[in-house]
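K.L.:
no FASTA, just this:
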Ligand SMILES: [Zn+2]
C-alpha cells in the first residue's frame, strides 16, 4: 500500500516532497502538506491502548510499527491556587500532560515512531533530522530501533545532555557552526543529493516537519479524550515553535469531533518565549493575510527548543479553527515557572514551563479543565 498523498493545508495543491507547499512558499508563507484526516467513526476510545500505534488506522503508514512504547504519558494535576490569579473568582483545574515520560524524554517520540516507520516503508536506508536536540534524540532512538542509519544536523548550541543522548544512540551528529538557516540548508542538500529521508523541517520559510511523522502527534488528543472522558477540557496549551505538535493535537481533536467521540474541540493556545513569539505577534494583526506574513526579530531564550521568526501556517490554522490564541512569556517568567514545577516534583525543560505558566493564568470555568503539554524532561540539561 502506498502512503496517502500529501496536500497543502492552505491551498490544497499536492506536494512533491517533504518541504511543504512550494506554491505558498513562493508567497513567503510556510504551509505544510498533510495526508487527509482519518475517519474515527466507530472507534471505541475506552479501548484505545494509547500512543500512535494504538490506533494504526489513523496513521498514514500501515506499519510494521516502529515502537519503543511511546505515548500513554501521565496527566498530573498541578497545585494551583486559582483564586490568586483571577480576582478571587473560582476557576477550573490545571493539569500537565507529561510528555517527558516518553522513551527519549520528549513528545518527539510520537512523531519519530511514525516517521521512521514511513521511512522504512519507503525503502530508505538513512533518515535525517535538523534539530536543536529533542527531535534529534528521538530520531536517533527510533532509527536505531528500526536498524536504519540516522544523521542529525545540529548547531553548537545544544545542551550537553542532549548531545550525549544523540551520540550514545548511534546517530551521526553533524555540528553546523553557522545559523539555523545554514544548518537547514545543509540538510536540504543532503536530502537532494543523497536521497536521505527527512524527518524534520529543512526549508524556508519553515512549513513544519514531515507530514507523515506529524500524524503521530494526534495521539496526544486521543489520549486526553480517553483519559478525561465525561469531563470538559476547555483549553489545551502547547509550547509552540513550528507548531508540529499544536497542529497535530488540533487534527486529532478534529477527527474525534467529526466522529462524535467528543462533544466539542478544546480551544488551543500557543505558548511562546517573548524572545521569539511570531504567533502572538501575528494574532495581534487584524486580517489573516497580515497574520500569515508576520515576521518578528528573534533573540536567544532559555526555552532553547522554541524560537521561530515566522508563524508556520499550520499553527495559525489550528488556532483559527479552535478559536484559540497565543501568549508569550519572558525568560524570567519561564525560569520562575521552571522552578515552581520543580517545587512540585516535576523537572521539565524550560520550553515546557512556558505552557504551564500560561495555563495557570487562563480563566477557565469551574469544573472545566485546562491542560498544559509538558513537552520534555528537564534532565537533558540547559543551554549556557
Ligand atoms: Zn499551498
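P.N.:
Done, it's in. Fair warning: this is a prediction, and the values are worked out from it, not measured in the lab.
K.L.:
Can you verify my assumption that residue 363 contacts residue 91?
P.N.:
Yes. The criterion here is CB atoms under 8 Å, and residue 363 meets it with residue 91 at 6.1 Å. Where you see a C-beta, it was placed from the backbone N, CA and C, and this is true even at glycine.
K.L.:
what about those two, which has more around it?
P.N.:
Per other CB atoms under 10 Å, whichever of residue 363 and residue 91 has more neighbours is residue 91, with 22 against 14.
K.L.:
Need the nearest residue in space to the residue nearest the centre of the chain, chain neighbours excluded.
P.N.:
Taking CA atoms, centre = their mean, the centroid of the chain lies closest to residue 245, which sits 2.2 Å from it. Distances taken as CB to CB, 6 or more residues apart in numbering place residue 217 nearest to residue 245, at 5.2 Å, with adjacent residues excluded.
K.L.:
The one you found: neighbour count?
P.N.:
Using other CB under 10 Å: residue 217 sits among 26 other residues.
K.L.:
picking that back up, would you mind listing the residues touching both of residue 363 and residue 91?
P.N.:
With contacts defined as CB atoms under 8 Å, 6 or more residues apart in numbering, no residue is shared by residue 363 and residue 91.
K.L.:
Now do the nearest residue to residue 119 once chain neighbours are set aside against residue 129, distance only.
P.N.:
Nearest residue to residue 119 in three dimensions, chain neighbours excluded: residue 197, at 4.0 Å (CB to CB, 6+ apart). Distance, residue 197 to residue 129, using CB to CB, to the nearest Å: 10 Å.
K.L.:
So between those two, which is more surrounded?
P.N.:
residue 129 (32 against 25).
K.L.:
Does that one touch residue 142 like I think?
P.N.:
No. The pair residue 129 / residue 142 is not scored as a contact, 10.2 Å apart, by CB under 8 Å.
K.L.:
Please work out which residues outside stretch 271-281 touch it.
P.N.:
With contacts defined as CB under 8 Å, 6+ apart, stretch 271-281 is touched by 237-241, 243, 270, 294-296, 298-303, 306-311, 315-316, 319, 326-331, 334, 351, 354-355, 357-358, 372.
K.L.:
State the pLDDT value of the closest residue to residue 93 other than its chain neighbours.
P.N.:
Nearest non-adjacent residue to residue 93, counting by CB to CB, 6+ apart: residue 369, 5.1 Å away. Predicted confidence (pLDDT) for residue 369: 95.
K.L.:
which parts of stretch 361-380 are buried?
P.N.:
362, 364, 369-378, 380 (16 or more other CB atoms under 10 Å).
K.L.:
Among those, which ones lie close to the ion?
P.N.:
Filtering those for proximity to the ion by CB under 5 Å from the ion leaves nothing.
K.L.:
Which residues of the protein lie near the ion?
P.N.:
8, 10, 11, 21, 23, 24, 31.
K.L.:
So among those, which ones count as buried?
P.N.:
Buried, going by 16+ other CB under 10 Å: 8, 10, 21, 24, 31, out of the residues of the chain next to the ion.
K.L.:
What is the nearest of those residues to residue 97?
P.N.:
The shortest approach to residue 97 among these belongs to residue 31, at 27.4 Å (CB to CB).
K.L.:
Tell me who's in contact with the closest one.
P.N.:
Contacts of residue 31 by CB under 8 Å, 6+ apart are 8, 9, 10, 11, 20, 21, 24, 25, 207, 312, 313, 314.
K.L.:
Include pLDDT, secondary structure and distance to residue 160 when you put those into CSV, please.
P.N.:
Formatted as CSV, the contacts of residue 31 follow (pLDDT from 0 to 100; DSSP: H, G, I helix; E, B strand; the rest coil; distance: CB to CB, whole Å):
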residue, pLDDT, secondary structure, distance to residue 160
8, 98, strand, 39
9, 98, coil, 37
10, 98, coil, 39
11, 98, coil, 43
20, 96, coil, 32
21, 97, coil, 37
24, 97, helix, 38
25, 96, helix, 35
207, 96, coil, 31
312, 97, coil, 29
313, 98, helix, 35
314, 98, helix, 32
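K.L.:
Of these, which pair is most distant in space?
P.N.:
Among these, 11 and 312 lie farthest apart (CB to CB), at 14.9 Å.
K.L.:
Residue 23 falls within a helix, correct?
P.N.:
Yes. Residue 23 forms part of a helix when assessed by DSSP: H, G, I helix; E, B strand; the rest coil.
K.L.:
Residue 174 bridge partners, please.
P.N.:
residue 153 (DSSP bridges).
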